[in-house]
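Visitor: Dropping a prediction and its sequence here:
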Amino acid sequence: MKRNVISCWPVAAALCLLLSLASCSKDSKADLSDLLSTVPAEADMVMAVDVKSTLEKAGAKVSGGKIELTGQLKDALAKADARSRESIEAVLQGDAGVRPTSLVAFAKGYHVWVTGILDDPSKFREYVGKSEPSLKWQEESGVSYAGRYAVSGDQFWCYDKPGVDPLEVKSFIGLGDKKSFLSTDYAEKMTEGDYQMRGIVSTSSRMVGGDSFVKQAQMQMALQTLFSDAAYIGFTLEMDNEECQVRGQMLTSSFKPAPYNLPVARIDSKTISSLNASGDMAFAVGTNSKLVEKIQGMLSQTGAVGKLYNTIIAPIDGTVAAFVSQPDGAGRQISAVIPTDGSNLSPLTMALEGSDMKWHREGNSLIAGTPQAPSGAITSAIFAKEAGGSLLADRKSVV
């Protein structure tokens, strides 16, 4: 449903990826089924990463178990601190015994695991010992473990905090056909096709709703209002040169596309183009009178505050779009277009003025913004082309 396109430097994306793997590791697509068989079916998040493809798309060369950085990637590595650079270089040169091809990350409760394949388990244990001399490898139930790391056979696990439990790792290994993620209806989508990163995240997890129980409950109410059986968000990430595109889809508990409950209103690219703005972030949502009426019905059940918002959104009719930037040391700069039916605009214009935005009318549309207009790499022309026809779209420029 939602298409989120993020413009980012390949240097930042690849370096962050390498940093996250510097002391952990990677798997291969050929091994992906085996890895998914050690991930619990009820995991809150599961993501498969084709590291080789991602790095190559970002400008690296992967050959013979080694990774060679070029151009901006090489420059970025030179700017890293000494310890990070040493760890990254060890992975790049194969000195950590890892296989630089792919990996699987998954969340269980409040913690994240990364698992993958080792070309040389002994070399990996030796590298961890050199990197963190205070760690001592121990053995229990067929699992070697030290600090946040664990190894069994040629598979490794990296926990998001020190103190990995070898018995929990052993439970992953012995999940069986019906209790692993490989048994789910989404596993086939992750083990087939050409992609760089793909996965699912449960809508009930803290990754979607936040740590607060209240916020999680509010998020669940919103999602279940918008969609039928909104259990997961499926996502695919693709990187190419300086673009990183993330596409998401709401999924049911059986991993099918979740039906959208509200009246459909698609984004009109012409409205975005008419704003003739730019920014570091952009947002657009399609609306129509039926959609507004449906939302007003929902807000009416929330008391006086809901009724206030009802009067503000009542005249909105069309594609609402905004461009935002926030320079260092400056406040947020906004430029927006809000199409209306032309009636009873006072509550809406008062809300804009209360947000320190100026506005003027062009026909039935309100053109609103802060005194200082935003600027950035995302232009109206670019965003209009990408967002047209979607229900909801946003784009961020990451530098």
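Guide: Everything's here; your move. Numbering: from 1, shown residues only.

Visitor: What average pLDDT does stretch 308-325 get?
Guide: Mean per-residue pLDDT for stretch 308-325: 93.

Visitor: With stretch 36-55 instead?
Guide: For stretch 36-55, the mean pLDDT works out to 85.

Visitor: One more: stretch 338-350?
Guide: For stretch 338-350, mean pLDDT is 95.

Visitor: what do you get for stretch 231-242?
Guide: On average, the pLDDT along stretch 231-242 is 77.

Visitor: Kindly report the same for stretch 132-140.
Guide: On average, stretch 132-140 scores 90.

Visitor: Which positions within it qualify as buried?
Guide: L135 (16 or more other CB atoms under 10 Å). For every residue, glycine as well, the C-beta is placed using N, CA and C.

Visitor: Quick check: phi and psi on A48?
Guide: Main-chain dihedrals, A48, degrees, to the nearest 10: phi -100, psi 140.

Visitor: What sits closest to A231 if chain neighbours are left out?
Guide: Counting by CB to CB, 6 or more residues apart in numbering, A231 lies nearest to S253, which is 4.0 Å off, once chain neighbours are set aside.

Visitor: From what I see, the one you found and A230 are in contact.
Guide: No. Contact criterion CB atoms under 8 Å: S253 and A230 do not qualify, at 9.1 Å.

Visitor: what about the two, which has more around it?
Guide: Between S253 and A230, counting by other CB atoms under 10 Å, A230 is the more crowded of the two (24 against 12).

Visitor: Nearest spatial neighbour of that one, chain-adjacent residues omitted?
Guide: Closest residue in space to A230, ignoring its immediate chain neighbours: L223 at 4.1 Å, by CB to CB, 6+ apart.

Visitor: and stretch 172-186, which residues are buried?
Guide: Across stretch 172-186, burial judged by 16+ other CB under 10 Å covers 172, 175, 180-182, 184, 186.

Visitor: go on, stretch 31-42?
Guide: Here stretch 31-42 shows 31-32, 35-41 as buried, counting by 16+ other CB under 10 Å.

Visitor: hmm, back to that, mind listing what the residue nearest to A230 touches?
Guide: By CB atoms under 8 Å, 6 or more residues apart in numbering, the contact set of L223 is 203, 230, 250.

Visitor: Pretty sure the last one sits in a strand.
Guide: Pointing back at M250 there. Yes. Assessed with DSSP: H, G, I helix; E, B strand; the rest coil, M250 lies in a strand.

Visitor: Not counting its neighbours along the chain, what's nearest it?
Guide: Closest residue to M250 apart from its sequence neighbours, by CB to CB, 6+ apart: A258 at 4.1 Å.

Visitor: For M298, see how far away L391 is.
Guide: L391 sits 17 Å away from M298, going by CB to CB, to the nearest Å.

Visitor: Ok, E139 next?
Guide: 57 Å.

Visitor: cool, G174 as well?
Guide: Taking CB to CB, one finds G174 at 46 Å from M298.

Visitor: same deal with S141?
Guide: In this view, S141 and M298 are 52 Å apart by CB to CB.

Visitor: Ok, S171 next?
Guide: Distance of S171 to M298, computed by CB to CB: 42 Å.

Visitor: And A284, by the same measure?
Guide: Separation of A284 from M298 (CB to CB): 21 Å.

Visitor: and the two? which has more neighbours close in?
Guide: A direct count of neighbours by other CB under 10 Å for A284 and M298 places A284 higher, at 28 against 15.

Visitor: For the more buried one, list each beta-bridge partner.
Guide: Beta-bridge partners of A284, counted by DSSP bridges, are A321, A393.

Visitor: which ones are touching it?
Guide: 267, 272, 319-322, 383, 387, 390, 392-394.

Visitor: what's the most distant pair in the residues you listed?
Guide: The most widely separated members of these, counting by CB to CB, are A322 and S390 (15.1 Å).

Visitor: If you count surrounding residues, which of the two has more?
Guide: A322 (22 against 18).

Visitor: Look up which helix or strand the closest residue to that one other than its chain neighbours falls in, please.
Guide: Nearest residue to A322, sequence neighbours excluded (CB to CB, 6+ apart): A336, at 3.8 Å. For A336, the element it lies in under DSSP states H and E is strand 333-339.

Visitor: any idea how far the residue nearest to A231 is from E132?
Guide: S253 sits 41 Å away from E132, going by CB to CB.

Visitor: F323 now?
Guide: According to CB to CB, F323 and E132 sit 46 Å apart.

Visitor: helices or strands up against the next helix or strand after the strand holding A336?
Guide: Using DSSP H and E, the helix or strand that directly follows strand 333-339 along the chain is helix 346-354. Applying 3 or more CB pairs under 8 Å, 6 or more residues apart in numbering; DSSP states H and E, one finds that helix 346-354 contacts helix 304-313, strand 358-362, strand 365-369.
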